[in-house]
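*Asks:* here's a sequence, model it:
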Amino acid sequence: MNRQKLYWILQVSGWGIYALTNILLSIALPNNRVDITSIIALAAFYLFSTNLFRLVIKRYGFLSFSLNRLVLVVFTGIIILSFFNILFQIGLGKVFDTLNSRDLRVSVLSVNFLFAFLYYSLWSMIYFVYFFFNNYNNSLKYEAAINEIKLNHLRAQLNPHFIFNALNSVRALVDEDPIKAKMAITQLSNILRNSLIMDKKRLINFEDELNTVKDYLALETIRFEERLQVDIQIDPEAYDFNVPPMMVQTLVENGIKHGISNLIAGGKIELKARVKENGNLYISIVNSGKLSSVVSKRKHGGHGINNTKQRLKLIYGDKAYFKIYNKDESHVAVDIEIPTKD
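*Replies:* Numbering: from 1, shown residues only. A predicted model of the protein is given here:
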């Protein structure tokens, strides 16, 4: 339902309820001289005057005013509307011959003015609350759309980087061991197929992400041979979580490319995941190397660390935790904590 249609439904039904309520009261109260037609006419005036006020609000851009200015002009508008409402009520009394000298007393006019003021104030409050709520909701949708664009951009940066390194691994095997090269091509095709599927998703199951990591490590193990040792320890409860696609794989790749590959003797990469006491998923990645070399390489075009931080921030806000540091003189550690799916 569009906003225009909703507005008129609320307008007509609201002032219709006002008219019906006053008609029932006029019937229930004894010696009541108020004519039912005049009640309907007054409700129609409220409908007309509030809609006129709405047109003035839109015509002169009240909604873009500062809060102080908005309160002042709306208050002034309500005063003016209430004044003309009293004049209209007096006119109705003369037309339907229900006006007497008592109705023109200052005390009676003041009470009628107060009621009109309250009705217009209530209408204004509902109108502006709805506008600001709708505007806030649209802002959230806009922010979510911007975040989704950013996430898609980050994923687009990750995939070419991953494919390039994986193809280098395959190329290294073509001349040395054709059989292993065929096996590597099969593993690479599995990874690329999963990557195409994952690229359409904001989050994927941790087990699916882990399968991609294992395929990638299998490729790298073929290339590095005995220079690469792998240790994977996963708590079964970790499989209940969802994670950003290619996140863990990118960090593992980062550790091999910037850490282990720079060591003559190679090194070891450890991947551990468990559920903490607070219900969050804790992921630890430790690789041989030093953080200084990782940072130096990253400044020359690597996207892994920065992308991971940004993706976690966009998806989880401040609820996620990320830290990369030198665990000791010969190992770099990455700690990630992802909030519970609930």
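
*Asks:* could you pull out the helices for the stretch 101-250 of the chain?
*Replies:* With DSSP state H, counting those that start in this stretch as the criterion, the stretch 101-250 of the chain has helices at 106-174, 178-198, 206-224, 247-258.

*Asks:* and the nearest residue to Y316 once chain neighbours are set aside, backbone torsions?
*Replies:* Nearest non-adjacent residue to Y316, counting by C-beta to C-beta, 6 or more residues apart in numbering: P339, 5.9 Å away. (C-beta placed from N, C-alpha, C; glycine too.) The phi and psi values for P339, taken as degrees, to the nearest 10, are phi -60, psi 160.

*Asks:* can you name the residues that contact P339?
*Replies:* Contact analysis of P339 by C-beta atoms under 8 Å, 6 or more residues apart in numbering lists N280, Y316, K319, A320.

*Asks:* let's see it at 6 Å
*Replies:* Going by C-beta atoms under 6 Å, 6 or more residues apart in numbering, P339 touches N280, Y316, K319.

*Asks:* so how far is L228 from the last one?
*Replies:* Pointing back at K319 there. As judged by C-beta to C-beta, to the nearest Å, K319 and L228 stand 34 Å apart.

*Asks:* now the second one
*Replies:* Relative to L228, Y316 is positioned 31 Å away (C-beta to C-beta).

*Asks:* with neighbour numbers in mind, choose between those two.
*Replies:* A count of neighbours by other C-beta atoms under 10 Å puts L228 above the other of Y316 and L228, at 20 against 15.

*Asks:* quick one: contacts for the more buried one?
*Replies:* Contacts for L228 (C-beta under 6 Å, 6+ apart) come out as E220, T221, G266.

*Asks:* could you do V230 as well?
*Replies:* Applying C-beta under 6 Å, 6+ apart to V230 gives the contacts L217, I269.

*Asks:* next, G267: phi, psi?
*Replies:* phi -180, psi -160.

*Asks:* touching, it and S288? I think so.
*Replies:* Yes. G267 is in contact with S288 according to C-beta atoms under 6 Å; the separation is 2.5 Å.

*Asks:* what is in contact with these two at once?
*Replies:* The contact lists of G267 and S288 share I260, where a contact means C-beta under 6 Å, 6+ apart.

*Asks:* relative to T76, how far out is the closest residue to L70 other than its chain neighbours?
*Replies:* Closest residue to L70 apart from its sequence neighbours, by C-beta to C-beta, 6+ apart: F62 at 6.1 Å. F62 sits 11 Å away from T76, taking C-beta to C-beta as the criterion.

*Asks:* okay, now the unreliable bits of the stretch 151-300 of the chain?
*Replies:* For the stretch 151-300 of the chain, applying pLDDT under 70 flags the ranges 151-162, 165-166, 169, 194-200, 292-300.

*Asks:* mind putting the contacts of L228 into a markdown table with neighbour count and distance to P245?
*Replies:* As requested, the contacts of L228 are exported to a markdown table (neighbours: other C-beta atoms under 10 Å; distance: C-beta to C-beta, whole Å):
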| residue | neighbour count | distance to P245 |
| --- | --- | --- |
| E220 | 24 | 19 |
| T221 | 15 | 23 |
| G266 | 16 | 28 |
